[in-house]
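*Asks:* please work out how this folds:
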Amino acid sequence: MRFRFEMDGETYSKNKESFKRILAKHGLRWKGSLERPFWASGSERVTALFDRDREKDVLRGAILVWESLKKSTLLEELKGWAWEVGANGSEDRSPSAEEVTDEVEQALRNWDLVWKPNEDLLLAQGRPKTWIEADVKRWKQRRLERRRELMGQATD
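*Replies:* Numbers count the residues shown, from 1 in each chain. Take a look at the predicted model:
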């Protein structure tokens, strides 16, 4: 079972400490990364998808997805929290992030074939090392954005 909470970035930013306290109270711990944030316990998990404006360093929106085999007191408390802060909550019937990870990774491998800079070839052609490093950095950023895009498409 999955339940989805959507809110604007300002709402999440103002209320994230109370959200994290609820998760800790129910035994969920941080298990994710900055690219793929999630909190989990033995039977429940909450995944976050953040829409950020990197240029302005602003959070535009947040989607929190609770997952478990059955309803729990955590879900009920999260529903109350969402109502209190003004977030929209609804049952989510789309596939989970785990269910689509293999498809997303395959799509990224194909994307890499086209867009990943070939460092050895660029060096052999005489391209300056600093330019190659900038190309690789830009590719990594675009790849991360592409992953988020693919994950969003696959789980919507």
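*Asks:* you'd agree G152 is up against F50?
*Replies:* No - the pair G152 and F50 fails to qualify as a contact (Cβ atoms under 8 Å) at a distance of 11.0 Å. Heads up, the C-betas are built off the backbone N, CA and C, glycines and all.
*Asks:* what residues do these two have in common as contacts?
*Replies:* Here G152 and F50 share no contacting residue, scored by Cβ atoms under 8 Å, 6 or more residues apart in numbering.
*Asks:* neighbours of the nearest residue to F19 once chain neighbours are set aside, how many?
*Replies:* The shortest distance from F19 to any non-neighbouring residue, by Cβ to Cβ, 6 or more residues apart in numbering, is to W81 (6.4 Å). W81 has 18 neighbours, counted by other Cβ atoms under 10 Å.
*Asks:* next, W81: secondary structure please.
*Replies:* helix (DSSP: H, G, I helix; E, B strand; the rest coil).
*Asks:* contacting residues around it?
*Replies:* Per Cβ under 8 Å, 6+ apart, neighbours of W81: 15, 18-19, 22, 87.
*Asks:* make a ChimeraX selection of the buried ones in the residues you listed.
*Replies:* Of these, the buried ones go into a single ChimeraX selection, burial set by 16 or more other Cβ atoms under 10 Å:
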select :15,19,22,87
